[in-house]
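Trainee: Sharing a model prediction with you, sequence too.
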Amino acid sequence: MKILCFISLVMILASCTPQTPQKNTSEVASYPFVVEDDLINFTHESGARGLRHIGESVGSGGALFDADGDGDLDLYLVQGTATDENSPKKNILLYQNDGEFIQGEKPCGAEDSGDGMSCAAGDIDNDGDIDLYVVNDGPDSLYLNDGTGHFTDVTQERGIEMPLFGSSICFLDVELDGDLDIFVGHYIEFSIDAFTPCLREKLEVYCAPKNYPGVPCSLLINDGKGFFSDASASSGLASLLGKALGVLTSDVDGDGDQDLYVANDGEANFLLLNQWKETGEIKFIDDAYIAGCALGEGAKEEAGMGVEAADLDGDGDEEILVTNFEAQTNSCYRNDGGGMFLETSFVNGMGPPSIPNVAFGIRVLDVNLDLLPDIFITNGHVIDNIEKLTTGQTLFAQQDQLYINEGGTFKEVSPHLPAELKVGRALISGDIDNDGDLDLISTTWQGSPRVLRSTSAGSAPVIGLHLSGDGVSCHRDAIGAIINYAVQEKTITREHRVQSSYLASHDPRLLLTLGPKMTEAVVTVKWPGGTEETATLTAGSYHKWVMGKGIVSQSQFEKPTPN
Amino acid sequence: MGSSFVKILLVVLVGLAPVPQDASSTDPRITELNAAMQKGQFLDVLKKGRAILIKQPTHPHFLLITGAACIELARTLKDSEAKIQAYAEAENLFRRFVIVNPQHNNSKVEQSLARCCLTREDWKNAKKHAAKAIQLSPSSTMAHRVMGESLSGLKIHKEAIQSYKKALAITPRDVRLMQLVQDEYRSLRRYAEALNFLLKQQDNLPANNRETATFYQLLYRAYVSLNDVENAQVAISKAVSLNPKKPTLASEMALNLYRLGRSEDSRLWAKKALTYQTLNNDSKAICLRILGQLLSHEGKYQEGLLALEKSFQINPDDRSTVIAMIAALRRTGQEERAQEFLKKMNEMPTDPRE
C-alpha cells in the first residue's frame, strides 16, 4: 500500500510539467464626405460562378475624365465578367449631365468584351481629346476618342498586343519625347485548365497569389503618332517577375524623368528607376530593396494593392504609400531624399488602424483644406466567405477610412456618416460637381460604385488647375509636371499624375489649397522636359494652362450644393 | 515553477498520504529516498536508486522513484542530448515496472510513460499510454493533458482541444492548459475561437497574480493574432500590473506600444525590459531593434545603428533588424556595408505567407 501511495506521489510529480440614414444638414456637413450609393446605375460583375478563380476577386476599376469635352467629368466603369455565362458583359461610359451620370443613347464604342480590370484615360495621339486604354485579364484594348465621347477600337492597328492578366496601368513619357507611353502592370499567370481549388477549414476559398507564378510588367513606347512598340524586353522589365496590382509614376530620384513604383501582391515591390536621363536609353532598374521601399513593416513581402505618392511631410519630395492585406499595415515609405526611403507606418499613426482591413483604393487629398495632405482608403476583403471562416470576426465588406494629417502624424477619423459597408476596390478622384473640392468614387465588388461627395468646397480658397502640354515637346496630359506654389512661408510641391491608387484613372485637374485669407498665388510649373513657367492664379476658378501659352481659359467653380 | 514548487507539492502530498503498514515501510532506504525527493535532491535519489536497482532490478518502488528522479533531473537539463538520455532512462525504468507489474492499475505510471514518449516525439505510443492513463483514471487532469499533447503531436488539433478542455473541466484554473488550448486554435488558424475561448476563461482565473498575469499575456497574444492592437494593449497592461517583474511582459509591452505608435512609451519599456538579467535572447533582440528603429525614425542613425547591431548580434536572422540596419548604414554613408547586409537579407528565408 505504501508503495502504491508513493508511486502515486511520484507519478504526479513526474507527469506535472512545471511550465508556465437621414441626418440634418449640420451633422452631415461635419463629415468630410456625403455618401451617395444610388447615384450610379452600374453593378459590377466579377464573373463569380462558384469556382473562385482568383481574378474574380480583385476587379474592377474605372476612370473619371471629360470624355465629350463639355467641361464636366464623365465616368467610365470597367466591368468584370458576366456572372451569367450567356449574358454579355460591357464596360460603360456614363456621361454627366446636370449632375447625373447617364448612359448615352448610342454605344460609346469602348464597351469592350474582355474580362475587365482597369483603364487609363489620356491623350494618346496628342489630338486634344482623351483616349482610353482598357486593361483586361486577357487581351487589352486601346480606344481613340473622336472628341465627342465616342470611341474607336484601334488596338491592333496601333500595335497593342497585351494578352497577359493585367491589373493597373499608368501613362508616362518615358523618353521625354512629348508623347504618352504606356506602362501596364500584370498580375499573375493563371490558367483555368490548371486550376485547383484552395481550401481553408474544408471550405473553398479564393487562392492566395502565392499559388501562381508571377509575370513581368510591360512597356509600350509611343512613336509620336499613337502607334506603339513593345519595349518590355529591351527596357529590362521582362526579366522582373512580379505580381503587380498598383502602379504609379513619380520622379523619385529627381532627375527629371519619370520613374515607376509597382505594388506587388505577396512579393517585394518594385522601384523602377528610369535611366533615360542618365544614359539616353529606355531602361529601368529596380532599386526598391536598397532604397528601402520593397518590403512592408516587419521586412515582409506584403500584399501590395493600391499605391499613391504625395509629399506628406512638406519637404519637397514624395512619400510612397501602399495599401496591404489584413494583419499588415498599409505602408508609408518616407522619402528621405537621395533615393532613400524608410517605412514609418507604426510611428506616424497610419499603422494600427489599417491592420484589421484589406485595403485597396487609396488617394491623398486635402479633405479639410488645412494645407496638409490627408489619406482616404477604401477596404474590402477578397475572401467572400471570410465571415464563415472567422466566425464573423472579419467582415467581407469593410469600412472606408480617412487619415487626417496632424502635421507629421495621422489620426483615423470617420470620413462620412455611418453607411452600409462595401467591398471596396478602386478609388477614383475628381471634382465631379466642379465646385472646387475633390470628390471620390469607389468601385465595389459585385456592387454599385459609391460616390463620396466632398463637403469642403468654400471652406478655404482653392485654385483649380488644368495643365496641358503643347503636344510637341510635352504631351497634352503633362504627366510628371512639377507644380510649386508658396503658402504661409512654405513651398508646396505637387507632382502631376493621373493614374494611381488601385485600377484607377483620376480627374486630370489639380486643386491647390491656399491659406485662409489668400486670394491668389504665384504658381510655377516645371513641365516634363524641364521648361519652367510661372503665373499668378486666383482662387475660386479652374485655370487651363497650356505650355508656352499660359492661362488660356478660366472657369469659376460651381456653387457648392447644400448637403 | 521549479524545484521549489516540486518540494512544496511533495510536502503537501506526503502530508496527505496515509502511512501504509506493509513490509516496504520498514525499509529504511525508502524512507531515505522519500526524504531526499522531498528535499529536491534528485541526483542523490537517482544515484542511490540506480545502485539499489543493480541488486534488485525489479523492485517496483525503486524503479518508480528512480524513474521519477530521472524525469525531475531531465527537466533541469539544458543540454538537449542529456535531456533525451535522462528521459530515455526514466522510460526504461517505468517500462521495467510495467513488465514486472503487468496488471498494475496506476494511471500515473502510464502518464509518465506518455510523457517520456512525448519527449522523443513518439506521438503514437504517447497516445497509447495516455489512453490507458485515462482509462485507469478518467478524472485525472494530467491523463487528459498528455492525451492532448499526443494528439497535438499527431496534428489532430481538434481532438487535442477536446482533451485539453476535458482537463480544464477538472482543473478549471490551470493557465498552462488554457495556453495549450490556445496553441491548438492557433495551429488551426482559428484566432477568433482562441480569443473567445480565453474570454470565457475569465471567470476561472487563478488566485495568484503570477498565473493571472500569464493568462492576460495569453489574451494579449490572442488579440495580436486578430490584429486588435488596442485590446492587446489593455491585456498586456493588465498582465504587467499583475506581474510587473516578468521580463517578457516588458518586452511585449514595448513591442505593442511600438505598433501603436506610442514611441516614447515603447522606448521606456524596451529599456526597462533590457535591464532584466533574465530576459531571453529573442526578447532582448526585439527590444534592441525597437530602440534602433525609434532612433532611426528620429534621424539619429548613428545611435540607432549601434542598437541595431547589438540586436543583429543576438538574432542575425531577423529581417526587420537587417532592413533597419541597411537604412541606417546608407544614411551614415556606409554604402558598401549596406550592400553586404542587403545580400545577407536576400539570402534569409522569408516568412511563410498565408
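Mentor: Alright, I've got the coordinates.

Trainee: Pull out the buried residues from stretch A:390-399.
Mentor: A:390, A:393, A:394, A:395, A:396, A:397, A:398, A:399 (16 or more other C-beta atoms under 10 Å in any protein chain shown). Just so you know, the C-beta spots here come from the backbone N, C-alpha and C atoms, and that holds for glycine as well.

Trainee: Can you tell me what sits against that stretch?
Mentor: Stretch A:390-399 is contacted from outside by A:326, A:356-358, A:379-381, A:383-387, A:420-424, B:191-193, B:195-196, B:226, using C-beta atoms under 8 Å, 6 or more residues apart in numbering or on different chains.

Trainee: Now intersect those residues with the helices, please.
Mentor: If you go by DSSP state H, these have A:386, A:387, B:191, B:192, B:193, B:195, B:196 in helices.

Trainee: Quick check, pLDDT for the last one.
Mentor: Pointing back at residue B:196 there. On pLDDT, residue B:196 comes in at 92.

Trainee: which residues does it contact?
Mentor: residue A:391.

Trainee: cool, residue B:234 as well?
Mentor: Residue B:234 makes contact with no residue, according to C-beta under 8 Å, 6+ apart.

Trainee: show me where pLDDT drops low in the chain?
Mentor: Let's take chain A. Within chain A, the segments meeting pLDDT under 70 span A:1-29, A:562-563.

Trainee: You answered for a different chain; I wanted chain B.
Mentor: Residues of chain B that meet the cut-off, pLDDT under 70, sit at B:1-25, B:350-354.

Trainee: domains for it, by residue range?
Mentor: B:1-104, B:266-348 (automatic domain parsing).

Trainee: what about the residue in the stretch 101-250 of chain B that chain A sits nearest to, neighbour count?
Mentor: The nearest approach of the stretch 101-250 of chain B to chain A comes at residue B:108, 2.4 Å away (C-beta to the nearest C-beta). Look at residue B:108: counted by other C-beta atoms under 10 Å in any protein chain shown, it has 26 neighbours.

Trainee: same thing with residue A:52?
Mentor: Residue A:52, neighbours per other C-beta under 10 Å, totals 18.

Trainee: part of a strand, is it?
Mentor: No. If the criterion is DSSP: H, G, I helix; E, B strand; the rest coil, then residue A:52 is coil and not within a strand.

Trainee: what about residue B:82, distance to chain A?
Mentor: 18 Å (C-beta to the nearest C-beta, to the nearest Å).

Trainee: Is that residue located within a helix, as I assumed?
Mentor: Yes. According to three-state DSSP, residue B:82 belongs to a helix.

Trainee: if I pick it, what's in contact with it?
Mentor: With C-beta under 8 Å, 6+ apart, residue B:82 has no contacts at all.

Trainee: Mind giving me the ChimeraX select for the contacts of stretch A:390-399, buried ones only?
Mentor: Buried residues within the contacts of stretch A:390-399, by 16+ other C-beta under 10 Å, are selected in ChimeraX with:
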select /A:326,356,357,358,379,380,381,383,384,385,386,422,423,424 /B:191,192,193,195,226
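
Trainee: just to revisit the earlier point, nearest to residue A:503, of the ones in helices among the contacts of stretch A:390-399?
Mentor: residue A:386 (21.1 Å; C-beta to C-beta).

Trainee: Spatially central, which residue of the chain would that be?
Mentor: Assuming you mean chain A. The structure's chain A has its C-alpha centroid closest to residue A:501; by C-alpha atoms, centre = their mean the separation is 1.1 Å.

Trainee: which residues does that residue form a beta bridge with?
Mentor: residue A:307 (DSSP bridges).

Trainee: is it true that it touches residue A:263?
Mentor: No. Residue A:501 lies out of contact with residue A:263 (C-beta atoms under 8 Å); the separation is 10.4 Å.

Trainee: Name the residues contacting each of the two.
Mentor: Common neighbours of residue A:501 and residue A:263 (C-beta under 8 Å, 6+ apart) are A:246, A:306, A:307.

Trainee: And what about the first one, helix, strand or coil?
Mentor: I take that to be residue A:246. Once three-state DSSP is applied, residue A:246 turns out strand.
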